[in-house]
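Undergrad: predicted structure and sequence below. I'll ask about it afterward.
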Amino acid sequence: MIEIHDLKKVFENKKKGTVSYKEALKGISFMCKPGEIFGLLGPNGAGKTTTLRCISTLIKPTSGSILVNGYDSLKDDRKVRSIIGFLTSDMKLDGFFSPDYMMDYFGRLNKMAPEDIAERKEVLIKELHMEEFRHKKIDKLSTGMKQKTSIAISLIHNPDVIIFDEPTNGLDVVTARNVTDFLKKYAKEGKTVLISTHIMGVAEQICDKIGILIEGLIKELGTLEEIVKRNSTDNLEDVFFRYLEVQDV
Ligand SMILES: Nc1ncnc2c1ncn2[C@@H]1O[C@H](COP(=O)(O)OP(=O)(O)OP(=O)(O)O)[C@@H](O)[C@H]1O
Ligand SMILES: [Mg+2]
């Protein structure tokens with residue numbers, strides 16, 4: 001369970017002796033429950049990554065509160081880190097090693113027992129169809145294979161809460177489907193799944209709840225049906241463009 005209340009983040013940019021401020025999140029609130037996939041949908045620069053990084057304790061919010069399974073992300077940051085699996089687009093994988101090796105390495109970092117690492121590794125390799133490239137050097141892998149490797153690493157400790165930033169970015173339809181099916185399965189098992197995406201189809205197909213984030217504010221929150229009904233349309237794209245047009249004027 002993730003509970004976000006009035007989350008704000010202001011970035012301070014120092015350049016040539018002058019300071020400017022960017023209000024990336026202007027006070028957002030939402031909840032993501034176990035068994036549910038929550039999709040944060042928004043255009044470039046909306047604040048999606050900032051939100052996920054705050055929840056994952058990588059950056060500190062300016063104000064507001066974040067609870068993950070009841071633990072405060074500021075006070076209990078270590079506990080929060082242990083119960084989440086965070087996937088980010090800027091995750092750097094060492095090209096010299098293999099997916100298999102990296103999974104072992106991250107399993108050990110998470111203080112897992114060797115037999116648990118071995119067992120979990122086989123599950124992930126099967127679920128993500130990584131059999132053919134598990135022992136290849138990461139340098140030699142395609143974008144999709146690298147993304148699967150990042151996903152496997154982020155979930156090696158089988159966390160209760162899954163936070164994925166743009167999980168299907170750059171993936172072909174087959175690989176993207178593999179990843180979205182994988183997320184659906186985990187949600188069905190009772191895990192809390194929060195993703196960000198700018199792809200409307202992903203939000204429509206797999207998200208139980210959607211938050212439309214634009215310029216640091218959540219403009220719409222609810223199920224797909226609720227959001228489209230509220231806006232007297234039958235598709236998310238209409239809703240999305242309506243808010244973007246308002247913003248342009
Ligand atoms: N470390 C930082 N320092 C200063 N400004 C930042 C920093 N990180 C993000 N920002 C700014 O905050 C705003 C939100 O950025 P963020 O990366 O959260 O957007 P996003 O929704 O993830 O966009 P994208 O779809 O392009 O990934 C942007 O204006 C960005 O320039
Ligand atoms: Mg982003």
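TA: Good, I have the coordinates. Ligands and ions are numbered 1, 2, ... in the order given.

Undergrad: what helices or strands is the strand or helix carrying residue 164 leaning on?
TA: Residue 164 belongs to strand 161-165 when assigned by DSSP states H and E. Under the contact criterion of 3 or more Cβ pairs under 8 Å, 6 or more residues apart in numbering; DSSP states H and E, strand 161-165 touches helix 48-55, strand 84-87, helix 173-188, strand 192-197. Yep, even glycine has a C-beta here, placed from its N, CA and C like the rest.

Undergrad: highest average neighbour count across these?
TA: strand 192-197 (a mean of 26; mean count of other Cβ atoms under 10 Å).

Undergrad: in its sheet, what does that strand sit against?
TA: strand 37-41 (parallel), strand 161-165 (parallel) (DSSP bridges).

Undergrad: quick one on the thing from earlier: just the CA atoms of the strand holding residue 164, as CSV, please.
TA: C-alpha atoms of strand 161-165 as CSV (Å, rounded to 0.1, in the frame of the first residue of the first chain):
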residue,chain,number,x,y,z
VAL,A,161,5.6,-3.0,-3.6
ILE,A,162,6.7,-2.6,-7.2
ILE,A,163,7.5,0.9,-8.5
PHE,A,164,8.3,1.0,-12.2
ASP,A,165,9.2,4.2,-14.1
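
Undergrad: pick out the residue closest to the middle of the chain.
TA: For the chain, the residue nearest the mean C-alpha position is residue 164 (2.0 Å; Cα atoms, centre = their mean).

Undergrad: gap between the lowest-mean-pLDDT helix or strand in the chain and the chain center?
TA: Least confident helix or strand of the chain, by mean pLDDT, DSSP states H and E, is helix 236-248 with a mean of 82. Chain-centre distance of helix 236-248: 23 Å, with Cα atoms, centre = their mean, to the nearest Å.

Undergrad: just stretch 191-201 next, same as before
TA: Its chain's C-alpha centre and that of stretch 191-201 lie 7 Å apart, by Cα atoms, centre = their mean.
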